[in-house]
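In: Have a look; sequence and predicted model below, questions after that.
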Amino acid sequence: MAIYYNSDGKLQEFNEWSNVVKCSNCGKPYKQDCEEQVPGFRDMDYDVCPYCDHVNKSSMSEEYFNQPMTDDEIAEYYKTHF
Ligand SMILES: [Zn+2]
C-alpha cells in the first residue's frame, strides 16, 4: 500500500501500485518505483516514459523503475482517480 496525491492535491492510499506518475509528454500514466541510490555509486538516472521514451525527470540520488500499465489498468486508474 502506498500513498499518493490525487488530482485535488489530497493524500490518498493507492493499493495496487507503489506509485503512478503521468508522462508530461504523452499524458499516459505508468507505474514507478523509486529507490535511493547507493552513496558512493551515484549516477545520473532518468525517469523515462515506457510508452514514448520521454525523459520526465533525472536524478543523481534516486533510481527509477518504470513499468507501463495495461489498457485495463489505465482505464481502472482513470475510473478511480478522475
Ligand atoms: Zn510518454
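Out: Sure, I can see it.
In: Check the gap between Phe41 and Asp47 for me.
Out: 19 Å (Cβ to Cβ, to the nearest Å). Every residue, glycine included, has its C-beta placed from N, CA and C.
In: the more surrounded of these two?
Out: Asp47 (20 against 6; other Cβ atoms under 10 Å).
In: residues touching that one, list them.
Out: Residues in contact with Asp47 (Cβ atoms under 8 Å, 6 or more residues apart in numbering) are Val21, Gln32, Val55, Asn56, Lys57, Ser58, Ser59, Tyr64, Asn66.
In: The chain: helices as residue ranges?
Out: 71-81 (DSSP state H).
In: Enumerate the residues of it near the ion.
Out: With Cβ under 5 Å from the ion as the criterion, the chain comes near the ion at residues Cys23, Asn25, Cys26, Cys49, Tyr51, Cys52, His54.
In: now those residues in CSV, with neighbour count and pLDDT?
Out: Output for these, formatted as CSV (neighbours: other Cβ atoms under 10 Å; pLDDT from 0 to 100):
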residue, neighbour count, pLDDT
Cys23, 20, 97
Asn25, 13, 98
Cys26, 12, 97
Cys49, 20, 98
Tyr51, 16, 97
Cys52, 11, 98
His54, 13, 98
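In: just curious, which of these is nearest to Glu73?
Out: Of all the residues of the chain next to the ion, Glu73 sits closest to Tyr51, with 12.9 Å by Cβ to Cβ.
In: just the contacts of Asp47 now: which is nearest Tyr78?
Out: Using Cβ to Cβ, Val21 comes nearest to Tyr78 of the contacts of Asp47, at 14.4 Å.
In: Name all residues that make contact with that closest one.
Out: For Val21, counting by Cβ under 8 Å, 6+ apart, the contacting residues are Pro29, Tyr30, Gln32, Asp47, Asn56.
In: Good, wrapping up.
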